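Visitor: no letters, just coordinates:
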């Protein structure tokens, strides 16, 4: 992706500068690619600019900027995720026609419907398909490809919650720890997470009301 | 390879700090891996230390250092190449037994016999095989996988020589340009490159004597 | 600590990625050491990863990770501090037996009891002692060794509070400035800081109730 | 030039990666611009890639690459200098028509005729003019604008030569110091520097023959 | 500003480490200058230290530090801005006498009265004047000099607010979006922003009371 | 040395930008100090500027520059070494009077007489003494303090020579390997290294003439 000295580098667009986008940008920058990160949040763009120090470009995710960047990119990484909710469809079918032949889209948001209109979930055995000359990679549960690292990452962040529930019982743990309560999705058959309820057309009930 | 924050990074050993090893190190460092470059040349190690600024470790390629590093690595890149000659076998069969299960060896020197004793040339269609639990990748003509970049790189460096030969004719060009003459391998059936002659058991004739 | 090109670098483990740990990591990374920072806070680990950009490894401070890192380190810096409270004993006596001979532990938390079980307070005149082959450095009031820098740092951050108290009188200043009130430890013989009260087995009284 | 977070950065092309081009690239990269350095020398491109570490792109100075880069750039810096000789005309009149309106060309080679076909020498008082919508800056003796820095730089590098001539006399100094002799342009009315002789259509005489 | 290798670099002092000061520091550091950023906020100084990684010095903005730094600087950038309020006069007339002859002050705070006592607003046509041997640059509306970039930056951050007002009407938008309400300066002739009211000697009315 | 955020950093001057000076600079820069490297070689200064990228200042080692830098420094590292010859006395007695009280001079050239007029060899047991208020550190054989690292570094670079001598015998090895011959100091009682002969007032005999 970074090419070799004297030869043009690959251009990478990263849609969304959150945790996933930031990590993707670190790898792409590290490999020597020419990276542009798009986001709607001015504070996040400033922070990304601070830590990349000019090695990655940041860009407001307006429609005009998105269209221009997509047309120039060799690799597009869709990393727009809203916890518990459907990802918005940023890249639309008509964008594909403007993209380079054999460019690649990786839609990391595929587990929540994808942020690319033409994304469909694929598998590690048959990971890619082509639409309008653009290669799509939409493997569901991508972290599963690096099982060891993703297991360690997941368990390291969640272990403390598990221990707390084991020690105190579920209800006491939920009452004591606001972070745990904020993550509660379903309790005794009732959906206690607003975005999940909305995404599935179910009734939302505040966690405080049912525990 | 770089893991995520809070999870151990992959360890990469790069055997040989020349052009190939340096580029491999840039990518591995860029991806966040913990990289060690081994070489026998103190000046080259100092230069690598200067430009990586602590982001990659450098190590004299002694037997003791090599054995210790191989046993700890997740990925080993064999990048020891001697122009026109057989690559030396740095990694030997007995080293494999000390390596981690499912660690990976990529032998970039495969086109010149490989710098790993257990390397054999493979193809892009069936690129890997396993010896003693260690995955081997030994695709001949690796640059062929990134056809565009490698073509541009190769033609950019060689074009000037081609133009000179086209302009002046072969003999005049060889006489005028010492770099071109130094690269002459065979002339009218005679081997004019010492390492190539030695590697194939043929008679070596100095270029100056036959042109 | 950073060795020279071609020679292995020293390995440094930093327990705790707060202000003290971050500064220790900057120096150790700057000197060329191979640095691992352990912390329990995923957000802090991500921030450390952002600003070190791969020049320092970050690791969740689980028991398994801690044990593995201690056994490999040449220098361990204990930098786990909880304001006003006893530091937790992360490094235990049995860890020492697994550590390298002549490796070094610096316990910066010594002023609050230390985060290493075998730490005891020492002085600048006789700063070190050895337990199980591991050198311990536990000088109380470490900043005192760089008197000028630490005085400037301390007075620069505290001067504004002092001026406010001088201008307004203590009670008015406490009422006006929540940061000042939050730092109040004792008021008219009553302990107004929860962790201090707990550490000393005294009764805690909220500042608001006594001013 | 570097824009602000979220807004596209300026694109800068630097023609020639020698001392002048490298320093220009450092400043442009430092200001946050997206920089491409073109050169014909593969070793120099590799070195530039080593020290910029991905913060500047390097590109072989082929006609195709040059045309593509000129059409995309906001600022072009002509830094192709051949000591004592006329600079080659890399940027030609027809290139200007493909460039962005109000883009800028700075021709540092102006003191040796310029490496841009449409360059003419200007002065600090009236430094710029426009051709085909492209702003040209071709102030002769550019270093004169930063008189203090350029005087210190020039005298620091030349002082040792001056002292040697003062100590030994001109002829003895020339014989003793090959670097000094290599820089001799004219001696007793005869041109002793090949490129200067060629550029002015004069007879060249080797320094060794006349001293 | 960065000089050339072997020649002293310019010294730049930046007063205020907020958004403006941080961007000024990035450019000055990038150009190779020796940069010192002064601020009163210890957390901000620590963050600046984290992201500059030693390439810029940070300093508490005490009177003593300010005086010492001003006397050594070649360029001073005044970037102390308090939204809606008069900037404090950090650099006073008597400081100028201690500064180097022909050093330069750029007062970015000029649109709010300037943070330098001797600042007066100038124009792009006649941008500078000299007081006590120190060059002052105080162009009002500085961003106007880079019209394209500043327009894109401003509209990118404000567009979302404009669309919300257009969609919902002003009152509904203000009620729904606390960030929008926090930025309301005047509503139906009443000043709803405390610092603005204070700066102009007008009566302040909370936004909640009048919408 | 690097201070903490908001407090002035230590200033370090490094006399000589060779191997020793470069490594000293890396450590000092890494610890956050404000570093200036002085050297007489313009090419070396440019290379140092390339790899430090603005994190260290470079300065021509003129008398004027040296005097100015000494007067400002907290730590001076003398790293001017000429193989086999006496080091030149760069820092003279009268310089000390201009230096800060309690500043420190470390003279790495002590094993060759020192590059500081007031240097005398000291020992690890009693390493420092004070002249004119300036602390001097002149421990002979400094690398002996880090015995493991310096042994590995020395043996790694010299092992190949030793093996060659063991394999071929001394005379054959000297004839085959020009690097080995260039390092020959004494052969059968005759001094074969010009600078050593000059430093000790002995007769110099070319190696070629005696082997």
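Guide: In hand now; what should we look at? All figures in this text were calculated on a predicted structure; none of them were measured in a lab.
Visitor: quick check, central residue of chain A?
Guide: If you average the C-alpha coordinates of chain A and look for the closest C-alpha using C-alpha atoms, centre = their mean, you land on residue A:79, 3.1 Å from that point.
Visitor: up against chain D, what does chain A have?
Guide: Within reach of chain D by C-beta under 8 Å from any C-beta of the partner chain, chain A has these residues: A:2, A:5-9, A:29-30, A:32, A:34, A:42, A:45-46, A:48-49, A:54-55, A:57-60, A:65. Using the backbone N, CA and C atoms, a C-beta is placed for each residue, glycine as well.
Visitor: excluding residues flanking it in the chain, which one is nearest residue A:71?
Guide: Of all residues not flanking residue A:71 in the chain, residue A:98 sits nearest, at 4.4 Å (C-beta to C-beta, 6 or more residues apart in numbering or on different chains).
Visitor: correct me if wrong: that neighbour contacts residue A:69.
Guide: No. Here residue A:98 does not reach residue A:69: they are 10.5 Å apart, not a contact under C-beta atoms under 8 Å.
Visitor: who has more neighbours, these two?
Guide: Neighbour comparison, residue A:98 and residue A:69: the larger count goes to residue A:69, with 22 against 12 (by other C-beta atoms under 10 Å in any protein chain shown).
Visitor: so which strand or helix has that one?
Guide: Under the assignment given by DSSP states H and E, the secondary-structure element containing residue A:69 is helix A:63-72.
Visitor: which stretches of chain A form strands?
Guide: In chain order, chain A shows strands spanning A:11-15, A:34-39, A:57-60, A:75-78, A:104-107, A:128-131, A:134-137, A:186-187, A:190-191, with DSSP state E as the criterion.
Visitor: now do the last one: distance to the chain's middle.
Guide: Computed by C-alpha atoms, centre = their mean, to the nearest Å, the separation of strand A:190-191 from the middle of its chain amounts to 25 Å.
Visitor: now residue A:186: closest residue in space, sequence neighbours ignored.
Guide: Using C-beta to C-beta, 6+ apart, the nearest residue to residue A:186 is residue A:192, at 6.5 Å.
Visitor: for the one you found, give its distance to residue A:208.
Guide: With distances taken as C-beta to C-beta, to the nearest Å, residue A:192 is found 9 Å from residue A:208.
Visitor: those two: which has the busier surroundings?
Guide: The residue with the greater number of neighbours, taking residue A:192 and residue A:208 and applying other C-beta under 10 Å, is residue A:192; the counts read 23 against 10.
Visitor: and that one, what does it touch?
Guide: For residue A:192, the contacting residues are A:184-186, A:204-207, A:210, taking C-beta atoms under 8 Å, 6 or more residues apart in numbering or on different chains as the criterion.
Visitor: give me phi/psi at it?
Guide: Listed backbone geometry of residue A:192 is phi -110, psi 20, with angles given as degrees, to the nearest 10.
Visitor: low-confidence stretches in chain A?
Guide: Low-confidence regions of chain A, defined by pLDDT under 70, span residues A:1-3.
Visitor: what about 80?
Guide: When residues are selected by pLDDT under 80, those of chain A lie in A:1-4, A:83-86, A:141-157, A:159-160.
Visitor: show me the helices in it, by range?
Guide: A:19-30, A:42-52, A:63-72, A:93-98, A:147-168, A:170-176, A:178-182, A:194-200, A:207-210 (DSSP state H).
Visitor: now render these as TSV, adding distance to residue F:121.
Guide: Putting the helices of chain A into TSV (distance: least, C-beta to C-beta, whole Å) gives the following:
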stretch	distance to residue F:121
helix A:19-30	47
helix A:42-52	47
helix A:63-72	64
helix A:93-98	73
helix A:147-168	53
helix A:170-176	66
helix A:178-182	62
helix A:194-200	73
helix A:207-210	74
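Visitor: and those helices: which comes nearest residue D:141?
Guide: helix A:42-52 (37.0 Å; C-beta to C-beta).
Visitor: for the closest one, which positions count as buried?
Guide: A:42, A:44-52 (16 or more other C-beta atoms under 10 Å in any protein chain shown).
Visitor: what's the burial count for the residue of chain A found nearest chain B?
Guide: Here chain A gets closest to chain B at one residue, residue A:30, 2.5 Å apart by C-beta to the nearest C-beta. One way to gauge burial is a neighbour count; for residue A:30, by other C-beta under 10 Å, it gives 27.
Visitor: excluding its backbone neighbours, what's nearest it?
Guide: Excluding its sequence neighbours, the residue lying closest to residue A:30 (C-beta to C-beta, 6+ apart) is residue B:30, at 2.5 Å.
Visitor: quick one: contacts for the one you found?
Guide: Taking C-beta under 8 Å, 6+ apart, we find residue B:30 in contact with A:2, A:27, A:29-32, C:54, D:54.
Visitor: out of those residues, which two sit at the greatest distance?
Guide: Between all members of the contacts of residue B:30, the farthest pair (by C-beta to C-beta) comes out as A:2 and C:54, at 15.3 Å.
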